[in-house]
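Colleague: Turn this into a structure:
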Amino acid sequence: MKLNGGSPAKMSYCVVEFILTRDITEFEFLNVNSIAQEFKVNRSYLSQRFKLDIKYSLHEYILMIKILRSLAMLEMRENHISIDELSKKMGFSSSDYFRRVFKQKMGITPGKYKNLFKSG
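Modeller: As a prediction, this is how the structure comes out:
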């Protein structure tokens, strides 16, 4: 994605749009580095600009979107994906890290959340 001379603040909103329009298959490789490469800007500059404009760190924003997408996948009754598979699909370095972040953000483990939607 290329910015055509837009303001620095506009870049942050383009980054948000870029993240929100990614297909689930792209989440495994979605991180601050890949976004900086996509926008052809320095990682540190992008992170600082994003925090200034959006009020969240880019890393935290990416984590939250990944958790929100995970919620949707866990809610699908016909989806039999394991927590390990889901953590890999979402680009987490380990399933333990995924579980920890999920519980921190949602107050429940991904396994317990998934069980809420199992067909009875």
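
Colleague: quick one, what contacts Tyr97?
Modeller: For Tyr97, the contacting residues are Ser87, by CB atoms under 8 Å, 6 or more residues apart in numbering. Any C-beta I mention is one placed from the backbone N, CA and C, and that applies to glycine too.

Colleague: element containing it, please.
Modeller: Per DSSP states H and E: Tyr97 is located in helix 95-106.

Colleague: what comes up buried for that helix?
Modeller: Applying a neighbour-count criterion of 16 or more other CB atoms under 10 Å, one finds Ser95, Phe98, Arg99, Val101, Phe102, Lys105 buried in helix 95-106.

Colleague: Helix or strand next in line after it, which one?
Modeller: From helix 95-106, the next helix or strand downstream (DSSP H and E) is helix 110-115.

Colleague: mind showing which ranges of this protein have poor pLDDT?
Modeller: Applying pLDDT under 70 to the chain flags residues 1-6, 119-120.

Colleague: just the helices in it please.
Modeller: Taking DSSP state H as the criterion, the chain contains helices spanning 8-20, 32-39, 43-54, 58-75, 83-89, 95-106, 110-115.

Colleague: Kindly reformat those as a markdown table containing distance to Glu26.
Modeller: Listed next are the helices of the chain as a markdown table, based on distance: least, CB to CB, whole Å:
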| stretch | distance to Glu26 |
| --- | --- |
| helix 8-20 | 10 |
| helix 32-39 | 9 |
| helix 43-54 | 18 |
| helix 58-75 | 11 |
| helix 83-89 | 10 |
| helix 95-106 | 17 |
| helix 110-115 | 20 |
